[in-house]
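Chemist: need a structure here:
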Amino acid sequence: MMKTTPPRRIHITAWGSSAKQMLTGLGVKDVPGMVQLVQQAVGARYQVTASERMILAREVDEEGGRFDDAARVREVESVFADDGVAALVTIRGGAWFTRILDRINWDLLGKRKRTLHLFGFSEMTTLITIAGQYPQVVGLYDLGPGFLESGMKRWALKNLSRLTNPQGMSDDLRAGFAAGWANAKYPEAFKAFFAEVADLLDGQPSPRVPTGRLLQGRLPARRPIVITGGNLSLLVAMLGSRFMPAIETQSKWLAIEDLNEACDKVDRMIAALRLAGLLDRADGLILGDFHSGDTEQSDAVFNILRHHLPRGSRKPVVALDNFGHIWPLAPLPFHRPVTLCCRTQGRGRPSVRIEACRERDYPPTR
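Modeler: Residues are numbered from 1 along each chain as shown. Okay, the predicted model is just below:
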């Protein structure tokens, strides 16, 4: 009798902040209901599993956040060691993951026989940058799908005229409309995200492509580059630690984004990167979305950055419209070669896009 091989798994968990509140928005009663929703999206290609204990974890900010550090370390190492896991999706970022970094046996990733795709952003910057250095790991800086609803709400508020006639609407009514629109779209967007995860595992390119514009410097029409980076606050937390090689910028581009940080704090954090040599050694810099509440900060951050570059610097600086705490968000591979494409049109800033290379053609750099 022929022995059948069970399908590889897409595992969903929450190693940063708890994700219990997102179940209501999905219209499901519990974690098994969420798993069923995702399984419908990916079909029979992959088995979907989830860590109920992690997703529903107790969290109290005033008492140190989470109370399950040892359990989180055990699950991280279990996933790293399990070749049956094809993809790990951290459902949200939040907080509390950085403090357990030095308790994790990262070298378990070097013993894997099969590739592990990691999806995460924000607090998961450390996970993606550290794990993405290993040849057996594809680290994608991509949204925690729990962020979808708030990201779509912010997009709807900024684009009300594309969705309805906002004339005469009060601020409360605008906010209510945006929240209702996002809530209605959320379950299907959640399923679509996981359907794309399965497609990526099958070797299909993502339809979400990082795009933006060149802010300073010059670029050829096409250039192979390697990117590291992530959330600015998390990058600063790694400076001076044994994990700093994960964000070393020699022969790489540095990508940064953040939210709800005052401009003076952003200046201080960029100064920390500069003093550590990361700006000077980088081949180029990528700025993602920066905002605090309803205040857009991306232009302000570029102005801040210019104070930290040598006068007259022509180091390329690129702004991406879909990198950071924003929707739509495009996945950005770290530690793997990608192609930066630049096109000049008229008198405006040259447009850029980042195309992921095929995994089988380009091994990760380390």
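Chemist: tell me the bridge partners for the nearest residue to Glu355 once chain neighbours are set aside.
Modeler: Residue nearest to Glu355 in three dimensions, not counting chain neighbours: Thr339, with 4.5 Å by C-beta to C-beta, 6 or more residues apart in numbering. All C-beta spots, glycine's among them, are computed from the backbone N, C-alpha and C. Thr339 has these beta-bridge partners by DSSP bridges: Pro224, Glu355.
Chemist: quick one: the top helix by length along the chain to chain centroid distance?
Modeler: Identified as the longest helix of the chain according to DSSP state H is helix 171-201. Per C-alpha atoms, centre = their mean, to the nearest Å, the displacement of helix 171-201 from the mean C-alpha position of its chain is 17 Å.
Chemist: stretch 329-345 too?
Modeler: In terms of C-alpha atoms, centre = their mean, the centre of stretch 329-345 is found 14 Å from the chain centre.
Chemist: show me what counts as buried in the longest helix of the chain.
Modeler: Neighbour counts over helix 171-201 (16 or more other C-beta atoms under 10 Å) mark 177-179, 181-183, 185-187, 189-191, 193-198, 200-201 as buried.
Chemist: swap in stretch 112-128?
Modeler: So, applying 16+ other C-beta under 10 Å, buried residues of stretch 112-128: 112, 115-128.
Chemist: how far is it from where the chain is centred?
Modeler: Here the centre of stretch 112-128 is set off from its chain's centre by 10 Å, with C-alpha atoms, centre = their mean.
Chemist: okay, now the unreliable bits of the stretch 1-150 of the chain?
Modeler: Applying pLDDT under 70 to the stretch 1-150 of the chain picks out residues 1-4.
Chemist: one step back: which element follows the longest helix of the chain toward the C-terminus?
Modeler: strand 211-216 (DSSP states H and E).
Chemist: for that next one, packing partners?
Modeler: Counting contacts by 3 or more C-beta pairs under 8 Å, 6 or more residues apart in numbering; DSSP states H and E, strand 211-216 packs against strand 317-320, strand 351-356.
Chemist: can you tell me which of those strands is most buried?
Modeler: Of the helices and strands packed on strand 211-216, the one with the most neighbours on average (mean count of other C-beta atoms under 10 Å) is strand 317-320, at a mean of 23.
Chemist: I'd say Glu149 and Gly180 touch.
Modeler: No - Glu149 is not in contact with Gly180 according to C-beta atoms under 8 Å; the separation is 11.1 Å.
Chemist: tell me where this protein has helices.
Modeler: Going by DSSP H, the chain shows helices at 22-26, 31-42, 52-55, 69-81, 125-131, 148-158, 160-163, 171-201, 232-238, 263-275, 278-281, 298-307.
Chemist: check the gap between Leu275 and Gly240 for me.
Modeler: As judged by C-beta to C-beta, to the nearest Å, Leu275 and Gly240 stand 11 Å apart.
Chemist: and the longest helix of the chain, average pLDDT?
Modeler: Per-residue pLDDT values across helix 171-201 average out to 97.
Chemist: what angle do helix 31-42 and that helix make with each other?
Modeler: Relative orientation of helix 171-201 and helix 31-42, computed by axes from the mean of the first three to the mean of the last three C-alpha atoms, to 10 degrees: 60 degrees.
Chemist: rebuild the helices and strands packed on strand 211-216 as TSV, extending it with mean pLDDT and distance to Leu279.
Modeler: Shown next, in TSV, are those (pLDDT from 0 to 100; distance: least, C-beta to C-beta, whole Å):
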stretch	mean pLDDT	distance to Leu279
strand 317-320	98	10
strand 351-356	93	19
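Chemist: which of the buried residues of stretch 112-128 sit farthest apart?
Modeler: Using C-beta to C-beta, the two most remote members of those are Arg112 and Ser122, lying 25.0 Å apart.
Chemist: isn't Ala192 up against Ala41?
Modeler: Yes - judged on C-beta under 8 Å, Ala192 makes contact with Ala41 at a distance of 7.1 Å.
Chemist: could you list the domains of this protein?
Modeler: Domain assignment of the chain by automatic domain parsing yields the ranges 9-147+181-201, 211-356.
Chemist: what's the span of the longest one from first residue to last?
Modeler: Domain 9-147+181-201 has an end-to-end distance of 11 Å (criterion: C-alpha to C-alpha, to the nearest Å).
Chemist: and if you look at the shortest one?
Modeler: Taking C-alpha to C-alpha, the span from the opening residue of domain 211-356 to its closing residue is 12 Å.
Chemist: which residues does the closest residue to Lys20 other than its chain neighbours contact?
Modeler: Excluding the flanking residues, the one nearest Lys20 by C-beta to C-beta, 6+ apart is Leu56, at 4.7 Å. Neighbouring residues of Leu56 by C-beta atoms under 8 Å, 6 or more residues apart in numbering: 18-20, 31.
Chemist: same thing with Pro7?
Modeler: Pro7 sits next to 44-47 when contact means C-beta under 8 Å, 6+ apart.
Chemist: what about it, distance to Thr164?
Modeler: With C-beta to C-beta as the criterion, Pro7 and Thr164 are 43 Å apart.
Chemist: residues touching the closest residue to Ala237 other than its chain neighbours, list them.
Modeler: Distances taken as C-beta to C-beta, 6+ apart place Thr98 nearest to Ala237, at 5.4 Å, with adjacent residues excluded. Thr98 makes contacts with 123, 126, 234, 237, as judged by C-beta under 8 Å, 6+ apart.
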